[in-house]
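Asker: Predicted structure and sequence below. I'll ask about it afterward.
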Amino acid sequence: MATSQVFPFSVGDASNDRVKLVPLNPDKHCDTFYRLSSPHPEIYSYMPLLPPASAAEFKSWFHNDSTTHILSFANPETFSFAIIDKTRPASPEDPEGELAGTMSFIRTSAMHLNTEIGFIVILPPYQRTHVATNAVGLSLQLALEAPEKGGLGLRSVHWSANTLNLASARLAERMGFERIGVIPWHMRLVKGKTNGKVGNGRVLPAGGDPEDLWRDTLQLCLGWDQWEDGVREKVTKLMER
């Protein structure tokens, strides 16, 4: 069983006065995350993942020994964070605040110095607050700042969203990402209609399971040059609002 995250970069906490990103600890964070998220299966409507059936199942996503499971600690392309809201009181999960959600670096390449921000889940009590802006901002600072400034020195950060997930696209663009294009028929959502998924809204291909749905994926990107040419300052101002 994997107990620590395998990742090609050294990653620690990232923090400001309102939000903190800490390495996710399944045994510390997953019970609370499941308790707060399980009444809201719609959180997963735009994701290929199904809602976990229990806290134990949610923990198993991270403790999975597969090197290809998107959130497994054994997957060297992925690093997962717990999002802590420091404006709330100390909690059993963290002495500086409350667990507000999770996010990950996924599909990370040490060769090409890039990553994707994925599995962003802001728990319902913390939605429409400062949490999402600050969590994404901290992850961008961590990814794109130079190592001597506490960052990873990556050259680009990517973002993928269901084309119908307008809130995700708006958040990415507000944080400086630019639209690159759309991948049509990108993912088959097996039994998507049964499982409450949101597809691409188009006529299904002939010959498939009528309960399946398909996802078109919007791709966005933020490069190091854009970060240096004003996006860093834009993100800082958004986080300070």
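Answerer: Thanks, I have the structure now. Quick caveat: nothing in here was measured; it's all calculated off a predicted structure. Numbers count the residues shown, from 1 in each chain.
Asker: mean confidence for the lengthiest helix in the chain?
Answerer: Criterion DSSP state H: the longest helix present in the chain is helix 131-144. Mean pLDDT, computed over helix 131-144, is 98.
Asker: Surely Ser160 is in a helix?
Answerer: No. Counting by DSSP: H, G, I helix; E, B strand; the rest coil, Ser160 falls outside a helix, being strand.
Asker: Grab the nearest non-local neighbour of it.
Answerer: Leaving aside its sequence neighbours, Ser160 sits nearest to Thr217 (CB to CB, 6 or more residues apart in numbering; 5.2 Å). C-beta: built from backbone N, CA, C; applies to glycine.
Asker: which residues does that neighbour contact?
Answerer: Shown in contact with Thr217 (CB atoms under 8 Å, 6 or more residues apart in numbering): 160-163, 182-183, 186-187.
Asker: rerun that using 6 Å as the cut-off
Answerer: 160, 183, 186 (CB atoms under 6 Å, 6 or more residues apart in numbering).
Asker: Phi and psi next, for it.
Answerer: When read as degrees, to the nearest 10, the backbone of Thr217 gives phi -120, psi 130.
Asker: same deal with the one 3 residues further on?
Answerer: Listed backbone geometry of Leu220 is phi -130, psi 160, with angles given as degrees, to the nearest 10.
Asker: Does it touch Gly176 like I think?
Answerer: No. With contact defined as CB atoms under 6 Å, Leu220 does not count as touching Gly176 (9.6 Å).
Asker: Put the alpha carbons of the longest helix of the chain into PDB.
Answerer: Output of helix 131-144 as PDB, limited to C-alpha atoms (Å, rounded to 0.1, in the frame of the first residue of the first chain):
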ATOM      1  CA  VAL A 131     -11.200  29.600  -1.200                       C
ATOM      2  CA  ALA A 132     -11.200  28.700  -4.900                       C
ATOM      3  CA  THR A 133      -9.300  31.900  -6.000                       C
ATOM      4  CA  ASN A 134      -6.700  31.500  -3.300                       C
ATOM      5  CA  ALA A 135      -6.200  27.800  -3.700                       C
ATOM      6  CA  VAL A 136      -5.700  28.100  -7.500                       C
ATOM      7  CA  GLY A 137      -3.500  31.200  -7.000                       C
ATOM      8  CA  LEU A 138      -1.300  29.300  -4.500                       C
ATOM      9  CA  SER A 139      -1.000  26.300  -6.900                       C
ATOM     10  CA  LEU A 140       0.000  28.600  -9.700                       C
ATOM     11  CA  GLN A 141       2.700  30.300  -7.500                       C
ATOM     12  CA  LEU A 142       3.900  26.900  -6.500                       C
ATOM     13  CA  ALA A 143       4.000  25.600 -10.100                       C
ATOM     14  CA  LEU A 144       5.500  28.600 -11.900                       C
END
